[in-house]
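K.L.:
What follows is a predicted structure for the sequence shown.
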Amino acid sequence: MAGAEKPLAIAIDGPAASGKGTLSRRLAAEFGLRHLDTGLTYRGVAKALIDQGLPLDDEDIAEKAALELDLGGLDRTVLAEHGIGEAASRVAVMPRVRRALVEKQKQFAAAMPGAVLDGRDIGTVVCPDAPVKLYVTASAEVRAERRFREIVSNGGEATYEQVLEDVKRRDARDMGRADSPLRPAPDAHLLDTSEMDIETAFLEARAFVEKALADGND
Ligand SMILES: Nc1ncnc2c1ncn2[C@@H]1O[C@H](COP(=O)(O)OP(=O)(O)O)[C@@H](O)[C@H]1O
Ligand SMILES: Nc1ccn([C@@H]2O[C@H](COP(=O)(O)OP(=O)(O)O)[C@@H](O)[C@H]2O)c(=O)n1
């Protein structure tokens, strides 16, 4: 990245358990960039409200929690809990919560040498000028199977049917909200990982990033 004049942003969006976090972490390591899982910021707000016994749907209260959130203090091991994803998608419908978090996410992306950000609105709202945008997806059934295995391997309890229902409900809420709904940016490259293992998906994603960066330097 030596000599780069402005930070490089790689925007990765997609629905729950599509594999965007796994890809983002590996791409960040590969290209020497920082990484922000923006889902953790919405999860962080939801967890703060739950811990204080506060409602998830009061915009004044949730905005305050969003403004107070410290990106440096997000503990993935705690926030990854399945139920917090559902709560996060409820706080994520509120425009003032989004505004507060998007501002912090933009600041993160603006620091050199740049960053890989993953979430639902990175290519459309947080980094609309990113030169590299990926929309990672997979069928709801494949994503539910991945999330189910993840929960069980972490010692949690769930059934595949429950997880599939949760995934579909969250998809509907994320795609149906008025503010920054989940959708591919018009210039995003679609990567359907339904039939790909992690390594294959990473190699595809890396090849796409390399090509996009080379094209951008022409
Ligand atoms: N292509 C893939 N094939 C199989 N499992 C995958 C694949 N991509 C990710 N996973 C697994 O699926 C789960 C969800 O992946 P993650 O990257 O956390 O998704 P997201 O960030 O989109 O919610 C993790 O346990 C991860 O190891
Ligand atoms: N940029 C983002 C990231 C997450 N979110 C919300 O936060 C929830 C949790 O996101 P996440 O990325 O941690 O969820 P998973 O895909 O890991 O299951 C999502 O269901 C969205 O409602 C969002 O609205 N915008």
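P.N.:
Ah, there it is. Ligands and ions are numbered 1, 2, ... in the order given.
K.L.:
how close does A62 get to ligand 1?
P.N.:
The gap separating A62 from ligand 1 is 22 Å, by CB to the nearest ligand atom, to the nearest Å. From N, CA and C alone the C-beta is placed, and that goes for glycine too.
K.L.:
gap between the two ends of stretch 105-115?
P.N.:
Chord length of stretch 105-115, first to last residue, is 10 Å (CA to CA, to the nearest Å).
K.L.:
Also stretch 49-59?
P.N.:
Terminal residues of stretch 49-59 lie 11 Å apart, using CA to CA.
K.L.:
my read: P7 touches P113, true?
P.N.:
Yes: the criterion here is CB atoms under 8 Å, and P7 meets it with P113 at 6.2 Å.
K.L.:
more crowded one of these two?
P.N.:
Legend: neighbour count by other CB atoms under 10 Å for P7 and P113, higher for P7 (17 against 14).
K.L.:
Now the more buried one. Nearest residue, chain neighbours left out?
P.N.:
Nearest residue to P7, sequence neighbours excluded (CB to CB, 6 or more residues apart in numbering): G114, at 3.5 Å.
K.L.:
Next, give phi and psi for the one you found.
P.N.:
Note on G114: its backbone torsions stand at phi 120, psi -180 [degrees, to the nearest 10].
K.L.:
ok, the host helix or strand of R143 near ligand 2 or not?
P.N.:
Take DSSP states H and E as the rule and R143 turns out to sit in helix 140-153. No: Helix 140-153 stays clear of ligand 2 (CB under 6 Å from any ligand atom), getting no nearer than 7.0 Å.
K.L.:
what sits against A11?
P.N.:
Applying CB atoms under 8 Å, 6 or more residues apart in numbering to A11 gives the contacts 117, 122-123, 126-127, 130, 132-134, 185, 188.
K.L.:
can you redo these as TSV with neighbour count?
P.N.:
Putting the contacts of A11 into TSV (neighbours: other CB atoms under 10 Å) gives the following:
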residue	neighbour count
L117	28
I122	31
G123	28
V126	26
C127	25
A130	24
V132	26
K133	24
L134	30
A185	19
A188	21
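K.L.:
Just the pLDDT at I122, thanks.
P.N.:
For I122, the model assigns a pLDDT of 98.
K.L.:
Now do the contacts for P128.
P.N.:
A185.
K.L.:
Kindly provide the distance from it to ligand 1.
P.N.:
Using CB to the nearest ligand atom, P128 is found at 21 Å from ligand 1.
K.L.:
Give me the three-state assignment for that residue.
P.N.:
When classified by DSSP: H, G, I helix; E, B strand; the rest coil, P128 comes out as coil.
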